[in-house]
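In: Okay, predicted coordinates and the sequence, questions at the end:
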Amino acid sequence: MIKIDVEHSILTAEGKKTLKVNEHFRENELICISGASGAGKTTLLRMIAGLVTPDRGMIEIGGQKVFDSVKKINISPQKRNVGFMFQDYALFPNMNVEKNIRFAQSGEKDPEWIHRLITTFGLENLRKQKVTQLSGGQKQRVALARALASKSRILLLDEPLSAVDNKIRRELQDEIVKAHQLLQSTTLLVSHDEDEINKMASSILYIEQGNSHLKSAGISFTE
C-alpha cells in the first residue's frame, strides 16, 4: 500500500501552482494517472520514488514512512524498493540491451526472469546491441523491461508506451498487466490514452488544477 499526503509547488503553463495529493493506493492495484500536460503527473511519481522532495507532507510505502517533513524523514531512492521507468528512458549508453535490463536486479539474480522479459518485449535480436544504436520505440521497450526486472512491489511507469506503434502498444499493454499480476505490485502508470486507461486501470487518479481525485475503474486485480 502507498499512503501519500503531500503538497508541492509546480510551475505550469498558467503559472506557479500547488500540487496537493492525499490518497491511499491499495496493494495489487494498477492506477492510471490522467491529467493535462504540466498537471504534476510525473512529479507525483518522482516524489514517491524519492527523486523529488515534497515541500511538506508524508509518504508511506508498505507500512514504512519514506518521507515525513515534520519528522525529517527522507529515505533515499535506492532504499525505497521502487521500479521506475523514466519518460526519457535513462538507459546507460555504455551498456548493451541485456546489461541495461540486468542492472535493475540489485539483489538475488533471476536469469529466467530476464530472459522472459527480453523475449516478451521482442528484444532477442537486440540483446547485445548498445542502446545508442536503438530506435526510440526499442529504447522504450528496454526501459520498460528494466523497470519490471527489479521485481519491485511498487512500479512507477511514466508514459511507458508512447513511442511504440498501435499493434505493439496493445501487446505491451497486455504484458504490463500480466507482469503487474505476477509481481502482485502496486503499479502507477501515467497515460494520456483513454483507451489504454480504460483497458488497464483498476483505478484512475485524475489530477486537475493542482488537486487529485481517485476513482474506481471497475477492473479488479485482487481475489
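Out: The structure has been received and is ready for your questions.
In: Name the residue closest to the centre of the protein, please.
Out: With distances taken as Cα atoms, centre = their mean, the chain has residue 156 as the residue nearest its mean C-alpha position (1.5 Å).
In: And it, which helix or strand is it part of?
Out: Using DSSP states H and E, residue 156 falls within strand 154-158.
In: Run through who's touching that strand.
Out: With Cβ atoms under 8 Å, 6 or more residues apart in numbering as the test, strand 154-158 has contacts from 2, 41-42, 45, 48-49, 61-62, 80-87, 144, 147-148, 176, 180, 183, 185-190. Heads up, the C-betas are built off the backbone N, CA and C, glycines and all.
In: Out of those residues, which end up buried?
Out: 2, 41-42, 45, 48-49, 61, 80-87, 144, 147-148, 176, 180, 183, 185-190 (16 or more other Cβ atoms under 10 Å).
In: so residue 136 makes contact with residue 163?
Out: Yes. Counting by Cβ atoms under 8 Å, residue 136 touches residue 163, with 4.5 Å between them.
In: Counting neighbours around each, name which of these two comes out higher.
Out: Set residue 136 next to residue 163 and count neighbours by other Cβ atoms under 10 Å: residue 163 wins out with 17 against 10.
In: The more buried one falls within a helix, correct?
Out: No. Residue 163 is assigned coil when assessed by DSSP: H, G, I helix; E, B strand; the rest coil, not a helix.
In: List the contacts of it.
Out: Residue 163 makes contact with 136-137, 139-140, according to Cβ under 8 Å, 6+ apart.
In: Kindly report the same for residue 153.
Out: Residues near residue 153 by Cβ under 8 Å, 6+ apart: 27, 62, 81, 183-186.
In: Next: residue 206.
Out: Going by Cβ under 8 Å, 6+ apart, residue 206 touches 34-35, 212-215.
In: Quick check: bridge partners of it?
Out: residue 34, residue 213 (DSSP bridges).
In: Could you pull out the buried residues of stretch 18-36?
Out: Buried residues in stretch 18-36, counted by 16+ other Cβ under 10 Å: 19-21, 23, 25, 28-35.
In: mean confidence for that stretch?
Out: Mean per-residue pLDDT for stretch 18-36: 94.
In: Please apply the same query to stretch 131-147.
Out: Average pLDDT, stretch 131-147: 88.
In: what's the answer for stretch 103-115, then?
Out: So the average pLDDT for stretch 103-115 ends up being 84.
In: what does that stretch rub up against?
Out: By Cβ under 8 Å, 6+ apart, stretch 103-115 touches 83, 92, 95, 98, 101-102, 146-147, 149-151.
In: one more time with 6 Å, if that's ok
Out: Outside stretch 103-115, the residues that touch it by Cβ atoms under 6 Å, 6 or more residues apart in numbering are 101-102, 146, 149-150.
In: For residue 89, which non-adjacent residue is closest in space?
Out: Closest residue to residue 89 apart from its sequence neighbours, by Cβ to Cβ, 6 or more residues apart in numbering: residue 143 at 4.1 Å.
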